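Q: here's my sequence, what's the structure:
(4 chains)
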There are 4 protein chains.
Amino acid sequence: MEENQLLAEIQTIIETGSEDDRNVLKSVVQGIRTKQRGEHRTYLSAITHVNHRFVDDGTFEVTIPIQPLIENPLKMAHGGITATLLDTAMGSMLNLKAPQNIAYVTAELKVNYIHPGRGKHLRCIATILHQGKQLSFSEAKVYNDDDKLIATGSGTFFAIPLSS
Amino acid sequence: MEENQLLAEIQTIIETGSEDDRNVLKSVVQGIRTKQRGEHRTYLSAITHVNHRFVDDGTFEVTIPIQPLIENPLKMAHGGITATLLDTAMGSMLNLKAPQNIAYVTAELKVNYIHPGRGKHLRCIATILHQGKQLSFSEAKVYNDDDKLIATGSGTFFAIPLSS
Amino acid sequence: MEENQLLAEIQTIIETGSEDDRNVLKSVVQGIRTKQRGEHRTYLSAITHVNHRFVDDGTFEVTIPIQPLIENPLKMAHGGITATLLDTAMGSMLNLKAPQNIAYVTAELKVNYIHPGRGKHLRCIATILHQGKQLSFSEAKVYNDDDKLIATGSGTFFAIPLSS
Amino acid sequence: MEENQLLAEIQTIIETGSEDDRNVLKSVVQGIRTKQRGEHRTYLSAITHVNHRFVDDGTFEVTIPIQPLIENPLKMAHGGITATLLDTAMGSMLNLKAPQNIAYVTAELKVNYIHPGRGKHLRCIATILHQGKQLSFSEAKVYNDDDKLIATGSGTFFAIPLSS
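A: As a prediction, the model looks like this:
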C-alpha cells in the first residue's frame, strides 16, 4: 500500500467510520508512537496500552484499559486478550527476575474465565510459585475496576539460553 | 485527541517510523476498513487479518498472518495471540453450530506451546468433542506454513441464553 | 475368587511379601473397615486414609499420608494421587456448601507439579473462587509436611440436579 | 497392626462386609500378588488392574476395569482415577520411548471430563505431540467400553537425568 493510498484510507475512516472506528485508530496511532519512544517492547502491548509495575518484590501488576479494540462481539474484553494479559504478567515477571542470559518462554497456560470482563480496565496480579533453573511456575488473577475477579491463570515456563 | 493532532501523529509515524511501524499502521488501517465493510465481528480479528472457514462439517479452520503487530520480543508469534487464535477457533465453531438464541462463552482454556510460532502464518484447526445444551468441549491445534505443530489447546464452553 | 482361595492368597502375602506388600495390605484392610463404619464415602479415600475438615468457612483442608500404596516408581507420591487430592478437595468443598438437591461434577481440572511429593503426608488447601448456580470455580494448593509447595490445581465444576 | 489383628479384621470384612467390601478386598489382594510377580511397577496400578500396550509405535493404550474400588459417590469412575489413567498413559509412553538414563516427570496435566465414566472399563489412548531432550508434550483420550468419549487430557513432561 502506497503512502497516498494509506492516507486516503485513513481519511475515509475519519469521515465515514463509527466513533468506535475512530477510537480504535487513535488508540493504535498513540500506541505506535509510544512504541517508537521505547515505552513498549511489543506492538501488541503498545496498541492496547498495557502498563506494568512491581507492587512489591513478589507481586507484579499489569493493567489494560477496556476499549473497543479489545472487545468481543458481546462487548466485554475478548477472552484472548485476558489470556494475553495473564501470559504477559506471568512471563514478564519471570523475565524481569531472570539472569540476563536467560529468557523464559511459555510452555503451557491455562485460564479460567469467571466473570465477564466489563468496566474501565482489567488489572492482573501475578506471583511466582517456583523459579527454577529450567522450569518455573506462576499464577495470576485478573480483576476489573470494581475489584471483581474476572479470570485466573496458571502457567509453566521454560528457561532458554539467549545467544549473546 | 483532535483530528488535526491525529493526522500529525500519523504523519510522524510515516516520516520517522521504522518499516515495522509503518507496516503495523497499514495493517491496522486496512483492518478497520474491513471491519467497516462487515467482514469481521471484532477489531481484534480485523486488525490481525484473521480468516475462518469450515473445512468440513466437523472441522473449522482459522488462519492469521504472522506480522510485526503480533510478534513478541523474540520475533515469533506472541503466545497471547496463539491463545486468542485457539479460543477464537473453538468458540466460533461452537457458536456457528449453536441455535440462534444461545451464545457460548469460554469457561476455561488451556494452551500448550510446542514450537516457536515462526513463518508466514499460523493455521488453527478446531474440532468439537461434545456439544451439550449447557457445557461443550473443544480441542484445536495450531500449525505454521511448514505444517509444524506450534501449539495445542482445549477448552470448556458454557451456553448462555441471548435476550432477543 | 472363593473365600478359601482369598485367605490363601492373603497368607501368601503375609508370609512371602515384602514389608511394603504387607503395609499396603494392612492399609487397605483398615481402610475398608473405616468405610464399613461410614467414615468415608469412597473406597479410594478410605484405603488412602484421606481426612478433610473446614479450616474456616472459606478454606477446606484434605490430608493424605504418603505410603507405598500411593507412590510412583520414583518413590514419591504418584501424580495421579496428587490430582485426586486436588479434585477431591475442590469438589468436596463445593458439594459441602451446595444445596442438598445439587451435586457438583468436575468439568475440568488442571494440575501443576512443582516439587516431588516426598515426606510424611500431603496437605491440600482449597478455596472457592466463585460458586454459581451452574458453574463454579475453585483453586487449591498441595504442601508436604515441611510446608513445601508440591502442586497447585484449578478446576471448573458443573452443578447437576440430584433426583430425590 | 499385628498379624493376628490383621487376620481378624479381614475375617470381619468377609463375614460382615457388603459385596462391594469383599470385592474391593479381593481386587486388592490379587493386585498385591501381581505386584509380587513383577507385573506392575506401582501398587496403584496393581490394585486397580491397569494394563498397557503399544497399539502401534505412535499409540499407547492403557485400560482399567471399572469396579467399586475406583468409583465416586455417584457410582461412576472417580475423576482422580481418570486423571491418574491419563497421566499414567502419557507418562509411561514417554518413558518407554526415552533413553535409559532419563525419566520424564509430569510438569503439568489438564483433564476435561466429558461424560460420566460408566461401563465395564475405561480405555485411554495416548499419543506424543513432541518428545524433546528436556520438554515433551502428550495428549490422550479416555473411552468407555461403548467407545463413548469420557475424558481428554494433555500434559507437559520434563526430562530428569537418572543417577546410574
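Q: neighbours of A:A8, how many?
A: 12 (other Cβ atoms under 10 Å in any protein chain shown). No exception for glycine: its C-beta is placed from N, CA and C like everyone else's.
Q: which strand or helix spans it?
A: Under the criterion of DSSP states H and E, A:A8 resides in helix A:3-16.
Q: center of chain A - which residue?
A: With distances taken as Cα atoms, centre = their mean, A:L85 lies nearest the centre of chain A, 4.0 Å away.
Q: and that one, what element?
A: helix A:79-96.
Q: give me the next element, helix or strand, following that helix.
A: Immediately after helix A:79-96, counting by DSSP H and E, sits strand A:102-113.
Q: CA-only coordinates of that following strand in PDB, if you can.
A: Taking Å, rounded to 0.1, in the frame of the first residue of the first chain, the C-alpha atoms of strand A:102-113 are listed here in PDB:
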ATOM      1  CA  ILE A 102      18.100 -16.400  30.000                       C
ATOM      2  CA  ALA A 103      14.600 -15.900  28.600                       C
ATOM      3  CA  TYR A 104      11.500 -17.700  29.800                       C
ATOM      4  CA  VAL A 105       9.100 -18.900  27.200                       C
ATOM      5  CA  THR A 106       5.600 -20.200  28.000                       C
ATOM      6  CA  ALA A 107       5.300 -24.000  27.800                       C
ATOM      7  CA  GLU A 108       1.700 -24.000  29.000                       C
ATOM      8  CA  LEU A 109      -1.000 -21.600  30.000                       C
ATOM      9  CA  LYS A 110      -4.400 -22.200  31.500                       C
ATOM     10  CA  VAL A 111      -7.200 -19.700  32.000                       C
ATOM     11  CA  ASN A 112     -10.400 -19.800  33.900                       C
ATOM     12  CA  TYR A 113     -13.000 -17.200  32.900                       C
END
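Q: which helices and strands sit right next to it?
A: Packed against strand A:102-113 by the contact rule (3 or more Cβ pairs under 8 Å, 6 or more residues apart in numbering or on different chains; DSSP states H and E) you find helix A:79-96, strand A:149-161, helix B:79-96, strand B:102-113, strand C:149-161, strand D:102-113.
Q: dump those into TSV; add distance to C:R118 as well.
A: Formatted as TSV, the helices and strands packed on strand A:102-113 follow (distance: least, Cβ to Cβ, whole Å):
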stretch	distance to C:R118
helix A:79-96	26
strand A:149-161	21
helix B:79-96	32
strand B:102-113	27
strand C:149-161	9
strand D:102-113	13
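Q: which one of those lies closest to A:I47?
A: helix A:79-96 (11.5 Å; Cβ to Cβ).
Q: angle of that closest one against strand B:149-161?
A: Interaxial angle, helix A:79-96 versus strand B:149-161 (axes from the mean of the first three to the mean of the last three Cα atoms, to 10 degrees): 130 degrees.
Q: so is helix A:79-96 next to chain C?
A: No: judged by Cβ under 8 Å from any Cβ of the partner chain, helix A:79-96 stays clear of chain C, getting no closer than 11.8 Å.
Q: may I have that helix as PDB, with CA atoms only?
A: Presented in PDB, the C-alpha positions along helix A:79-96 are these (Å, rounded to 0.1, in the frame of the first residue of the first chain):
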ATOM      1  CA  GLY A  79     -11.000 -13.900  26.200                       C
ATOM      2  CA  GLY A  80      -7.900 -14.000  24.100                       C
ATOM      3  CA  ILE A  81      -6.900 -10.600  25.500                       C
ATOM      4  CA  THR A  82      -7.400 -11.800  29.000                       C
ATOM      5  CA  ALA A  83      -5.200 -14.800  28.200                       C
ATOM      6  CA  THR A  84      -2.600 -12.400  26.700                       C
ATOM      7  CA  LEU A  85      -2.700 -10.300  29.900                       C
ATOM      8  CA  LEU A  86      -2.200 -13.300  32.100                       C
ATOM      9  CA  ASP A  87       0.600 -14.700  29.900                       C
ATOM     10  CA  THR A  88       2.300 -11.300  29.800                       C
ATOM     11  CA  ALA A  89       2.100 -10.700  33.500                       C
ATOM     12  CA  MET A  90       3.500 -14.100  34.500                       C
ATOM     13  CA  GLY A  91       6.100 -14.200  31.700                       C
ATOM     14  CA  SER A  92       7.300 -10.600  32.200                       C
ATOM     15  CA  MET A  93       7.600 -11.000  35.900                       C
ATOM     16  CA  LEU A  94       9.800 -14.100  35.500                       C
ATOM     17  CA  ASN A  95      11.900 -12.500  32.800                       C
ATOM     18  CA  LEU A  96      12.400  -9.300  34.800                       C
END
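Q: buried residues in it, which are they?
A: Buried residues in helix A:79-96, counted by 16 or more other Cβ atoms under 10 Å in any protein chain shown: A:79-95.
Q: chain center to the helix holding A:L85: distance?
A: Put simply, helix A:79-96 sits 6 Å off its chain's centre (Cα atoms, centre = their mean, to the nearest Å).
Q: also stretch A:78-97?
A: Counting by Cα atoms, centre = their mean, stretch A:78-97 comes out at 6 Å from the chain centroid.
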